[in-house]
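J.: I need the structure of the sequence given here:
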Amino acid sequence: MISALEFIARQDRLLAQCEPNSVCIIPAASVVTRSRDTDYLFRQDSNFWYLTGFEEPSAWLILSNHPRYGERYRAMVVAAKDKSAEIWSGKRLGAEAALSRFSLDEAFELQELEDALLESLQGHQSVYFALGQNRDNDALFKEAMSTLQDAPKESLAPVSVHDFRPILHEMRLFKSACEVAVMKAAGEISSRAHKRAMQYASPGCFEYQLEAEIHHEFAMAGARSPAYSTIVGSGENACILHYTQNAAEIKDGDLILIDAGAEYQGYAADITRTFPANGKFSQPQRDIYSVVLKAQQSVLAMLGPGVTLSEAMLHSAEVITEGLVNLGILQGSLAENLEQETWRDYYMHGLGHYLGLDVHDVGNYKIEGEDRRLKPSMVITVEPGIYISEDSDVPEQYKGIGVRIEDDVVITATGIEILTADVPKEIEEIEALMASSR
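T.: Presented below is the predicted three-dimensional model:
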């Protein structure tokens with residue numbers, strides 16, 4: 001659980017990196033219509049949540065370091081208490097309660113938004129706002145700026161507009177101890193879901209049934225939503241990187257690739273495991289799986305402060321290329337295949353990505369054109385894979401096999417901590433777990 005003090009500290013850190021005499025204006029997400037008069041389940045904007053922990057839609061956060069406020073000023077605009085609306089859509093916090101809950105200097109109701117924006121903008125030298133993120137929010141912001149610029153005293157309007165996202169995204173890249181604890185909990189929930197899917201799976205069941213087992217485990221643990229669209233790909237469907245139809249019947253002899261992670265208290269887990277539908281890897285499946293597992297374990301052993309994701313990616317490609325050459329899937333020498341990057345025909349994606357409030361989390365991968373070196377408190381995924389389609393020019397026994405193994409790791413001062421280690425990935429462990437349910 002992220003404490004109120006941590007949210008306030010994040011706001012202060014953001015303001016400290018803004019120019020003097022600045023105001024930051026950060027809108028929340030809005031409810032999105034699914035069809036006609038039904039809406040998608042509301043999900044808060046990640047930046048707004050990172051700064052507030054407030055889960056209601058259409059709110060606005062206003063922060064200022066103007067000298068007239070002393071050290072800082074905090075205000076929020078929230079939906080008003082409304083008994084009739086709350087009967088239909090649930091309880092609202094309201095402005096009065098928001099004052100104390102968020103340690104605000106002022107709180108406004110949504111019908112006061114235009115006046116609150118005008119008041120917060122005037123007199124500041126600079127304003128920080130994410131233009132281009134939401135058309136309606138942009139319109140409100142631009143209207144307020146235009147009103148001030150057209151006023152008799154032009155100096156009332158900020159003279160420069162900056163994007164707060166580069167500052168905030170750099171902050172979000174480095175996780176606090178509380179964030180890591182929440183992400184570890186998300187990983188543990190997701191791990192239980194993957195083990196449950198392994199134990200449920202059998203020839204004749206459907207991909208969507210495994211998806212349902214996973215989502216039920218998430219929800220029962222308080223993670224009501226997956227962090228992204230769950231992938232359950234059996235047989236050749238495992239070779240489709242973003243397969244989400246999850247509609248096929250699972251056949252005897254299929255491998256099943258599941259890429260699924262829970263969202264818990266806003267934070268994402270991201271795990272992939274691959275296992276045999278009938279509980280036993282065939283020899284060709286063992287061959288491919290062993291190469292991917294060796295690549296992942298080799299990368300995990302090298303990760304730590306100072307390593308770049310590009311270096312780790314290249315290392316995983318070297319291990320996978322060597323394995324594919326040894327199996328006769330790639331022809332020629334190891335050196336020739338590495339030089340020609342022939343492995344890209346079977347390993348098409350990157351090794352991993354940042355993880356946090358978003359499954360593909362924010363943060364720059366390069367600094368001044370150079371690959372960024374990992375530092376403690378960054379969280380990344382490590383997910384090598386091999387995907388051999390049915391029409392590939394390879395030995396027949398390897399056609400239609402897709403394997404990916406993915407874990408979430410936090411970089412520590414001395415190496416890494418794996419947040420998703422509870423899901424088995426050794427062949428013998430997977431087979432033993434599946435046998436225990438039969």
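J.: low-scoring pLDDT stretches of the chain, where are they?
T.: Along the chain, segments meeting pLDDT under 70 span 153-155.
J.: what ranges do the helices span in it?
T.: Using DSSP state H, the helices of the chain run over 4-16, 46-52, 83-89, 95-101, 113-121, 135-149, 165-173, 177-200, 207-220, 283-302, 309-326, 334-340, 427-436.
J.: now render these as TSV, adding mean neighbour count.
T.: Quick note: C-beta positions are derived from backbone N, CA and C, even for glycine. TSV is the format used below for those (neighbours: other Cβ atoms under 10 Å):
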stretch	mean neighbour count
helix 4-16	16
helix 46-52	23
helix 83-89	10
helix 95-101	16
helix 113-121	19
helix 135-149	15
helix 165-173	18
helix 177-200	21
helix 207-220	19
helix 283-302	19
helix 309-326	20
helix 334-340	14
helix 427-436	15
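J.: out of those helices, flag the one nearest Arg68.
T.: helix 113-121 (12.0 Å; Cβ to Cβ).
J.: and that closest one with helix 135-149, angle?
T.: With axes from the mean of the first three to the mean of the last three Cα atoms, to 10 degrees applied, the angle from helix 113-121 to helix 135-149 works out at 60 degrees.
J.: name the residues that touch helix 113-121?
T.: With Cβ atoms under 8 Å, 6 or more residues apart in numbering as the test, helix 113-121 has contacts from 23, 25, 60, 62, 64, 75, 77, 108, 127, 140-141, 143-145, 147-148, 157-158.
J.: the same query, at a cut-off of 7 Å, please.
T.: For helix 113-121, contacts defined as Cβ atoms under 7 Å, 6 or more residues apart in numbering pick out 23, 25, 60, 62, 64, 75, 77, 108, 127, 140-141, 144-145, 147-148, 157-158.
J.: ditto for stretch 32-50
T.: The contact list for stretch 32-50, computed with Cβ under 7 Å, 6+ apart, reads 10, 26-29, 31, 55, 57, 61, 165, 168, 172, 225, 266, 357-358.
J.: same question, stretch 134-153
T.: For stretch 134-153, the external contacting residues (Cβ under 7 Å, 6+ apart) are 25, 27, 113-114, 117-118, 121-122, 129, 131-132, 156-157.
J.: out of those residues, which comes closest to Gly350?
T.: Set against Gly350, the nearest of the contacts of stretch 134-153 by Cβ to Cβ is Gly132 (26.0 Å).
J.: tell me the contacts of that closest one?
T.: Contacts of Gly132 (Cβ under 7 Å, 6+ apart): Asp138.
J.: check the offset of stretch 378-388 from the chain's centre.
T.: 14 Å (Cα atoms, centre = their mean, to the nearest Å).
J.: cool, and stretch 304-323?
T.: Chain-centre distance of stretch 304-323: 22 Å, with Cα atoms, centre = their mean.
J.: one step back: let's have the helices of the chain in a markdown table, adding distance to Asp270.
T.: Listed next are these as a markdown table, based on distance: least, Cβ to Cβ, whole Å:
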| stretch | distance to Asp270 |
| --- | --- |
| helix 4-16 | 23 |
| helix 46-52 | 15 |
| helix 83-89 | 32 |
| helix 95-101 | 31 |
| helix 113-121 | 36 |
| helix 135-149 | 29 |
| helix 165-173 | 16 |
| helix 177-200 | 8 |
| helix 207-220 | 13 |
| helix 283-302 | 14 |
| helix 309-326 | 15 |
| helix 334-340 | 28 |
| helix 427-436 | 19 |
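J.: Gln397: which of the ones you listed is closest?
T.: Per Cβ to Cβ, nearest to Gln397 of the helices of the chain: helix 283-302, 4.0 Å.
J.: who's in contact with that closest one?
T.: Applying Cβ under 7 Å, 6+ apart, the contact partners of helix 283-302 are 255, 274, 276, 281, 312, 315-316, 319-320, 323-324, 327, 351, 382, 384-386, 397-398, 401, 403-405, 409, 416, 425, 427.
J.: same question for stretch 344-355.
T.: Under the contact criterion Cβ under 7 Å, 6+ apart, stretch 344-355 has outside partners 173, 241, 268, 270, 299, 309, 312-313, 316-317, 320, 324, 360-361, 363, 378-388, 408.
J.: check stretch 69-88 too.
T.: Residues outside stretch 69-88 that contact it (Cβ under 7 Å, 6+ apart): 11-12, 15, 56, 58-66, 92-95, 98, 102-113, 116, 120.
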